[in-house]
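Engineer: model this:
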Amino acid sequence: MRIKPAVLFAFLLVYLFFRGIGDHGLIDTVEGINASVAAHMTGGGNYFVPKIGEALASGSSMGSWWLSALALKAFGWGEFAVRFFSALAGLGMIWASARAARPYNDDPSRKSWLAASICAGMTLCFTVSQLASSHALYSCLTGIAMTCIILSGTDRKKLITAHSAIVLAFIVHGFEGIIIPFLAVIIYCVLSEDWELMRDVFTWPGGIVITLSVSCLYFVILLITNPEIIHFMRCQNHAYTFGGIYGILIFVFVSFMPFHGFIIRAIYEVFPKQYPAMKSYDLFMLVWALVFALSALISGDILSLGACVPALSALLGRKIDIWLTQRSFVSMRYAVILNTVIIIPVLYMLLPSVSYHFPVIQSAMMSLIPWGAAEGLFLFASWYYTKTKQVTKWARNVPAAALICLMPLAGVFNLTADLYSVHDSGMKLRDIIKGSDIILQYGVNYPSIYFYTLRNPSIISADLTPGIAERKFVEDESVINKLWEGKNRVFLIMPSDLKPENPLPKNIYHISEGEGLLLLSNQ
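Structural biologist: Alright, predicted model coming up:
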């Protein structure tokens, strides 16, 4: 019996997105905060008061924390559980892009296969799906919502699904889940004067009742159980955590690998040249992508760029299908040339400069080099099939080459975790720590220590972690010596290359060293 290509494609995606999510430690601070909040809930904490030990966690990802806590109970205590729903949401993003590429209820077509493979092969889709955070869920749910809004032109009942997904996006990520999808619809309707779509989305009872009733009920429950969290749920700027503007530009560039030229060419063809613009599915997806992208950049929550990936993938799938069907090799050649001109100088010439500014890239070089080679294969395949005008082979092989890039990319997370994870130290502490033992972090602040030990560590000579409202904080370094002299066993975690201002007593034992950290104890 012959296995259908769709089944093989689905198995391949499941393998790529799930195969390594439990193989490396949590990458602080984003994963450490989310996993530790879920661990606190699972370990007997209040599901409506997010905490990391004694510290109140700030944020708006209540639904994401609930899902991670559910996964911890279902799959056991480990990194796989807290990343499970993110990986599943990555597959949901791919489905949304494939479905949005064919707005009519026609059979699966080439445009859907192109959109799905483009979405799966885009670096940002894979990145957010591998992290224990709310961003993949947010991208998946808003992608489903916007897709259903597109499909509502032929079936208004799909607005029920759209509004349900919007409400869920609000619960798992915050107010952006409601505001940004509706804002995108409004901008499209004003731009194209499509007042019928605006009326359907905002007034159709089957959808608006769900949004109002469920979101209000959720808001009231939080007001009753934890009114303080409302303060942290408002839309606010996030800290830029990617090395300033330079780091953000690098992240944005890598996020849309390896389709920069195709994206620019598609946007050029779809971008409206007059007002009002002509109504079209392509224009809707362009507005969808740009509004979500600008929201992520303005807020500083760069990982939220993932919400524009389904739209860009669907738009590219549709445009490439048109180019191939009409044999418009001029558009294809422009896209391929632009892609090559953009990627080769940045990826292969500026890599030494980038690795100098970002040590994490140096640690992941063993995976980045094969990833760069796979990107080169994609560029070569694009050039060769376009030059020889082999339309069918281009559609079949070039998007598949983008999927090959994910194989070495998965190793980047493993190598990054070696530098930004305390998995080994945390697991060792979990094995040896007892009831009255104390954990101190000197010069570092890793929220994931709580996830591995279920103990609230004291922080000495280190900055507080953004995203945690308060921490048990020790300012005077002399407190360490007083703790050493007590009867309790004290564990000290500190960087290997950092020396305390006050010398440690002689009776301090070296427990282990790894991941750039020392684990010491007084017994």
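Engineer: which stretches of the stretch 51-200 of the chain form strands?
Structural biologist: Along the stretch 51-200 of the chain, counting by DSSP state E, counting those that start in this stretch, strands occupy 51-52, 55-56.
Engineer: show the average pLDDT along the first one.
Structural biologist: Confidence over strand 51-52 (mean pLDDT, whole number) is 83.
Engineer: parallel or antiparallel, which strands does that strand pair with?
Structural biologist: Strand pairing for strand 51-52, determined by DSSP bridges: strand 55-56 (antiparallel).
Engineer: give the buried residues for stretch 333-348.
Structural biologist: 333-336, 338-340, 342-343, 346-347 (16 or more other C-beta atoms under 10 Å). For every residue, glycine as well, the C-beta is placed using N, CA and C.
Engineer: just the CA trace of it, in PDB.
Structural biologist: What follows is stretch 333-348, C-alpha atoms only, in PDB (Å, rounded to 0.1, in the frame of the first residue of the first chain):
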ATOM      1  CA  ARG A 333      14.600  35.300 -11.300                       C
ATOM      2  CA  TYR A 334      14.200  38.600  -9.500                       C
ATOM      3  CA  ALA A 335      13.400  36.800  -6.300                       C
ATOM      4  CA  VAL A 336      16.200  34.300  -6.600                       C
ATOM      5  CA  ILE A 337      18.800  37.000  -7.500                       C
ATOM      6  CA  LEU A 338      17.600  39.200  -4.600                       C
ATOM      7  CA  ASN A 339      17.700  36.300  -2.200                       C
ATOM      8  CA  THR A 340      21.300  35.500  -3.200                       C
ATOM      9  CA  VAL A 341      22.500  39.100  -3.000                       C
ATOM     10  CA  ILE A 342      21.000  39.500   0.500                       C
ATOM     11  CA  ILE A 343      22.000  36.200   2.100                       C
ATOM     12  CA  ILE A 344      25.500  35.500   0.800                       C
ATOM     13  CA  PRO A 345      27.200  38.800   2.000                       C
ATOM     14  CA  VAL A 346      25.500  38.800   5.400                       C
ATOM     15  CA  LEU A 347      25.600  35.100   6.200                       C
ATOM     16  CA  TYR A 348      29.100  34.200   4.900                       C
END
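Engineer: and stretch 414-425, what's buried?
Structural biologist: 414-418, 420-425.
Engineer: still on that earlier bit, please identify the most buried of the strands of the stretch 51-200 of the chain.
Structural biologist: Compared across these, strand 51-52 shows the largest average neighbour count, a mean of 23 (mean count of other C-beta atoms under 10 Å).
Engineer: other residues contacting it?
Structural biologist: 33, 36-37, 40, 45, 57, 447, 450, 456, 468 (C-beta atoms under 8 Å, 6 or more residues apart in numbering).
Engineer: repeat the analysis, applying 7 Å as the threshold.
Structural biologist: Identification of contacts with strand 51-52 by C-beta atoms under 7 Å, 6 or more residues apart in numbering yields 33, 36-37, 40, 45, 57, 447, 450, 468.
Engineer: show me which of the buried residues of stretch 414-425 is closest to Ala373.
Structural biologist: For these, the residue nearest Ala373 by C-beta to C-beta is Leu415; the value is 16.4 Å.
Engineer: related to what we said a few turns ago, make JSON lines out of the strands of the stretch 51-200 of the chain and add distance to Gly20.
Structural biologist: Putting the strands of the stretch 51-200 of the chain into JSON lines (distance: least, C-beta to C-beta, whole Å) gives the following:
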{"stretch": "strand 51-52", "distance to Gly20": "26"}
{"stretch": "strand 55-56", "distance to Gly20": "30"}
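Engineer: which one of those lies nearest to Ser255?
Structural biologist: strand 51-52 (28.7 Å).
Engineer: so what's the gap between the closest one and the chain middle?
Structural biologist: Taking the mean of its C-alpha atoms, strand 51-52 sits 22 Å from the chain's own mean (C-alpha atoms, centre = their mean, to the nearest Å).
Engineer: picking that back up, could you dump the buried residues of stretch 414-425 to CSV with distance to Leu72 and pLDDT?
Structural biologist: As requested, the buried residues of stretch 414-425 are arranged in CSV below (distance: C-beta to C-beta, whole Å; pLDDT from 0 to 100):
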residue, distance to Leu72, pLDDT
Asn414, 22, 71
Leu415, 26, 69
Thr416, 23, 71
Ala417, 19, 71
Asp418, 24, 68
Tyr420, 22, 71
Ser421, 18, 78
Val422, 18, 81
His423, 16, 81
Asp424, 20, 81
Ser425, 20, 81
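Engineer: any idea how many residues pack against the closest residue to Ile221 other than its chain neighbours?
Structural biologist: Closest residue to Ile221 apart from its sequence neighbours, by C-beta to C-beta, 6 or more residues apart in numbering: Phe48 at 7.1 Å. Counted with other C-beta atoms under 10 Å, residues neighbouring Phe48 total 14.
Engineer: does Phe48 really touch Asn226, like I thought?
Structural biologist: Yes: here Phe48 lies in contact with Asn226, judged by C-beta atoms under 7 Å, at a distance of 4.8 Å.
Engineer: quick one: contacts for the nearest residue to Ser255 once chain neighbours are set aside?
Structural biologist: In this structure, Ser255 finds its nearest non-sequential neighbour in Leu124, 3.7 Å apart by C-beta to C-beta, 6+ apart. Residues counted as contacts of Leu124 (C-beta under 7 Å, 6+ apart) are 255-256, 305-306, 309.
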